[in-house]
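Peer 1: just need the structure, nothing else, for what follows:
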Amino acid sequence: MKLYLLVYDVDFDEEVMETLTECCVTGFTKWDRVLGKGARSQPKMDDAVWPGFNCAIAIALEEEKEPGFLEAIHKMCSRLGEGGVKVYELPVKEVKIAECKG
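Peer 2: Model prediction:
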């Protein structure tokens with residue numbers, strides 16, 4: 001299993017969400033108004049000096065779903081052109097814990 005982290009300009013939110021709906025992604029965690037600066041981009045701090053912000057999505061995928069997901073993301077990035085979407089891949093291991101009883 002791997003965890004994919006997509007960080008992208010808010011302008012691409014509709015395309016990213018459509019791509020996830022069309023491919024094998026059934027669950028994800030999304031953060032809106034992600035602030036920061038990339039190595040080759042201007043800061044996005046959502047203020048008057050550095051306007052704009054990003055979104056981020058974390059997706060844990062089983063190995064058999066990875067090829068379809070990566071193909072869909074590659075096609076989307078090709079349509080959108082250079083920049084605006086960054087994808088990171090991290091190894092992940094799900095930790096099973098007992099339910100908390102209150």
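Peer 1: in this structure, which spans are strands?
Peer 2: Along the chain, the stretches classed as strands by DSSP state E are 2-9, 29-34, 54-61, 85-91.
Peer 1: longest single helix anywhere in this protein?
Peer 2: In the chain, with assignment by DSSP state H, the single longest helix is helix 66-80.
Peer 1: pull that one out as PDB, backbone CA atoms only.
Peer 2: Written as PDB, here are the backbone C-alpha positions of helix 66-80 (Å, rounded to 0.1, in the frame of the first residue of the first chain):
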ATOM      1  CA  GLU A  66      -2.000   2.100  -8.300                       C
ATOM      2  CA  PRO A  67      -1.600   1.700 -12.000                       C
ATOM      3  CA  GLY A  68      -5.100   3.000 -12.900                       C
ATOM      4  CA  PHE A  69      -4.700   5.900 -10.500                       C
ATOM      5  CA  LEU A  70      -1.200   6.900 -11.800                       C
ATOM      6  CA  GLU A  71      -2.400   6.700 -15.400                       C
ATOM      7  CA  ALA A  72      -5.400   8.900 -14.600                       C
ATOM      8  CA  ILE A  73      -3.100  11.500 -12.800                       C
ATOM      9  CA  HIS A  74      -0.600  11.400 -15.600                       C
ATOM     10  CA  LYS A  75      -3.300  12.200 -18.200                       C
ATOM     11  CA  MET A  76      -4.700  14.900 -16.100                       C
ATOM     12  CA  CYS A  77      -1.300  16.600 -15.700                       C
ATOM     13  CA  SER A  78      -0.700  16.300 -19.400                       C
ATOM     14  CA  ARG A  79      -4.000  18.200 -20.000                       C
ATOM     15  CA  LEU A  80      -3.200  20.800 -17.400                       C
END
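Peer 1: separation between Leu3 and Gln42?
Peer 2: For Leu3, the distance to Gln42 equals 27 Å [Cβ to Cβ, to the nearest Å]. Where C-beta positions appear, they are placed from N, C-alpha and C, glycine not excepted.
Peer 1: count of neighbours near Arg40?
Peer 2: Neighbour count of Arg40, defined by other Cβ atoms under 10 Å: 6.
Peer 1: now for it: which residues touch it?
Peer 2: Going by Cβ atoms under 8 Å, 6 or more residues apart in numbering, Arg40 touches Gly83.
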